[in-house]
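Engineer: No sequence on hand, only this structure:
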Ligand code: AMO
C-alpha cells in the first residue's frame with residue numbers, strides 16, 4: 001500500500017477540507033504559541049503541516065528531529081500566511097525513521113558549506129532544495145535530448161563498457177582484469193557507435209565513460225555521462241545542425257519543465273544566438289595571436305585560451321570547426337581539399353568545450369594509415385576495421401558531456417557539483 005495519497009506539491013487549494021496522507025522528511029521545525037509548524041519535504045517540494053497542542057499528534061511531534069522521515073494524516077486548509085497559501089492540519093503523525101542530531105550538514109540551507117564538505121555528506125546534500133533542482137533539471141535535459149532524437153528516427157543503443165583498446169588518444173584508460181587478460185573501461189562508445197551506425201543507421205547512447213584524469217579541475221571527472229550520437233549518411237555539417245536542434249530542445253525542455261528549479265538556483269538560462277556561430281580553428285588561432293597569445297597552428301586551444309577567445313568573440317556559444325587532423329583521433333576524416341585539416345568541431349560554452357564531433361573515416365585503407373600515423377597498430381583494431389570491408393556508409397557523430405552541459409543549464413561552476421556521486425582522483429565514496 002502506498003504510504004501517501006498526495007505528494008507535497010500536489011497539496012493545493014483544490015484540496016480544501018479534504019483528508020490527505022503525506023510522507024516525507026522534516027525540513028524545518030518551529031514551535032509557535034502552542035502550535036508546531038513542520039515543513040515537510042518530499043521529492044516534489046515542501047508543504048507546511050500544523051500540529052496543535054492537546055492533540056495526540058502533538059506528543060509525537062515533540063520527538064521529531066530535522067530530517068526524520070514521517071507520515072502524517074490531516075486536513076487541508078487554505079491560509080494566506082502559509083507558504084503557497086495552504087497547510088495541512090495534522091490529526092496523526094508517525095515517525096518512520098528518526099534522524100540523529102546534530103546533522104553533519106544543514107539541509108535547510110541556513111548554514112552554507114564548502115563543496116568538499118557537501119560531497120562528503122552528499123546524501124544529505126542531495127536533499128537540499130538546490131540539489132533537488134539540479135537533479136530535476138538534469139532529468140528534463142536528458143529527456144529532451146532523447147525525445148528530440150526519437151522524433152528524428154534515432155534508436156537508443158547500448159555499447160560494451162569493457163573494451164580492448166583506447167579510442168581517444170591523450171586520455172588515460174582504467175585497466176581492468178578480464179578473466180586474466182587486460183581490458184579497459186570504455187573512454188567513449190566511439191568505435192561501437194560507429195559500427196552500430198554502420199548497421200542500423202541512426203543511433204544514440206546515454207551512458208558512463210571513464211577516463212583516468214590525474215588533474216583536479218572543475219571540468220573533469222574520472223566517470224562522466226557521455227551523450228553520444230552517430231548517424232550514417234551525415235557529415236559534420238549535418239551533425240552540427242542536429243546538435244543545434246538538440247541544444248535548443250534541451251534549453252526549451254528545461255525552461256518549460258523546470259522554471260521553478262531555475263528560480264531555486266537563482267539562474268536564468270542564457271539566450272544564445274541561433275544558428276550557433278561557427279569559427280574555424282585557423283581563424284581562432286589568428287584571433288588568439290592578435291590578442292597577444294603565444295600559439296601556433298597545431299596547438300590545442302585549452303580552457304585558458306578559450307577564455308581569451310570567448311572574450312574576443314563576445315559569443316556565449318560557438319563552434320570551432322576544422323581542427324588540425326593531427327589534433328584529432330584516428331577515426332576523424334580529413335578535409336578533401338586540405339588533409340592537414342579535419343571535418344571536425346568542438347562546441348564551446350563560453351570557455352568550456354561541451355561537445356566534440358566529426359565526420360568519420362569510412363575507408364579501411366584511410367583508417368589503417370591514420371592509425372599508423374599515430375603510432376598505433378592496425379592489427380589491434382581489427383575487431384573494428386574488418387567491418388569496413390563489408391559496406392560501411394559515410395557517417396558522422398558527436399559526444400556531449402552531460403555534466404558540462406549541466407553547468408550551462410544550472411549556472412553552477414563545477415561538474416563535481418552537478419553529478420550526484422562524482423568520481424575523481426580523491427573520491428570513490430559515497
Ligand atoms: P571527447 O574526448 O572530446 O570526444 O569527449 C566528448 C565530450 O565529453 C566530455 N568529457 C568529459 N566530461 C567530464 N569529465 C571528463 N573527464 C571528460 N572528458 C570528456 C566533454 C567532451 O566534449 N569520441 C569522441 C566524441 C565523438 O567524436 O563522437 C570523444 O570522446 O564534454
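Structural biologist: Cool, the structure landed. In this text the structure is predicted, and so the values were computed from the model without any measurement. Residues are numbered from 1 along each chain as shown.
Engineer: Helices of the stretch 151-300 of the chain, residue ranges please.
Structural biologist: Per DSSP state H, counting those that start in this stretch, the stretch 151-300 of the chain carries helices over the ranges 190-200, 236-257, 259-264, 281-290.
Engineer: Among the ones you listed, which comes closest to the ligand?
Structural biologist: helix 190-200 (4.0 Å; CB to the nearest ligand atom). Quick note: C-beta positions are derived from backbone N, CA and C, even for glycine.
Engineer: Show me what counts as buried in the helix or strand encompassing residue 144.
Structural biologist: If you go by DSSP states H and E, residue 144 is part of helix 129-151. Within helix 129-151, the residues scored as buried using 16 or more other CB atoms under 10 Å are 129-134, 136-138, 140-142, 144-146, 148-149.
Engineer: Thought residue 215 was touching residue 426, still the case?
Structural biologist: No. In this structure residue 426 lies outside contact range of residue 215 using CB atoms under 8 Å: 11.9 Å.
Engineer: So which of these two has more stuff around it?
Structural biologist: residue 426 (11 against 8; other CB atoms under 10 Å).
Engineer: which residue sits closest to that one, ignoring its sequence neighbours?
Structural biologist: What sits nearest to residue 426 in space, not counting adjacent residues and going by CB to CB, 6 or more residues apart in numbering, is residue 216, at 7.3 Å.
Engineer: give the contact list for the residue in the stretch 51-200 of the chain that the ligand sits nearest to.
Structural biologist: With CB to the nearest ligand atom, the shortest gap between the stretch 51-200 of the chain and the ligand falls at residue 188, namely 3.6 Å. Shown in contact with residue 188 (CB atoms under 8 Å, 6 or more residues apart in numbering): 167, 168, 209, 226, 228, 399.
Engineer: Swap in 6 Å and give it another go.
Structural biologist: Counting by CB atoms under 6 Å, 6 or more residues apart in numbering, residue 188 makes contact with 167, 168, 209, 399.
Engineer: Please list which of these are also close to the ligand.
Structural biologist: 168, 399 (CB under 6 Å from any ligand atom).
Engineer: so which of the contacts of residue 188 is the most crowded?
Structural biologist: Those, ranked by neighbours (other CB under 10 Å): first place residue 209, 23 neighbours.
Engineer: Identify the residue spatially nearest to that one, adjacent ones excluded.
Structural biologist: residue 226 (4.2 Å).
Engineer: count of neighbours near that neighbour?
Structural biologist: Residue 226: 21 neighbours (other CB under 10 Å).
Engineer: hey, what's it bridged with?
Structural biologist: Residue 226 has these beta-bridge partners by DSSP bridges: residue 207, residue 401.
Engineer: Could you check how many residues crowd around the closest residue in space to residue 275 that isn't next to it in sequence?
Structural biologist: Distance criterion CB to CB, 6+ apart; nearest residue to residue 275, sequence neighbours excluded, is residue 244 at 6.2 Å. Residue 244: 17 surrounding residues under other CB under 10 Å.
Engineer: from memory residue 244 sits against residue 276, does it?
Structural biologist: Yes. The pair residue 244 / residue 276 is scored as a contact, 5.3 Å apart, by CB atoms under 6 Å.
Engineer: And the helix holding residue 144, how far out from the chain middle?
Structural biologist: Chain-centre distance of helix 129-151: 8 Å, with CA atoms, centre = their mean, to the nearest Å.
Engineer: Quick check: mean pLDDT of it?
Structural biologist: Here helix 129-151 scores 98 as its mean pLDDT.
Engineer: Just confirm yes or no for it near the ligand.
Structural biologist: No. Residues of helix 129-151 contacting the ligand under CB under 6 Å from any ligand atom: none, with a closest distance of 13.4 Å.
Engineer: So which elements touch that helix?
Structural biologist: Applying 3 or more CB pairs under 6 Å, 6 or more residues apart in numbering; DSSP states H and E, one finds that helix 129-151 contacts helix 236-257, helix 259-264, helix 402-410.
Engineer: can you state the direction angle for it and helix 402-410?
Structural biologist: On the basis of axes from the mean of the first three to the mean of the last three CA atoms, to 10 degrees, helix 129-151 is oriented at 110 degrees to helix 402-410.
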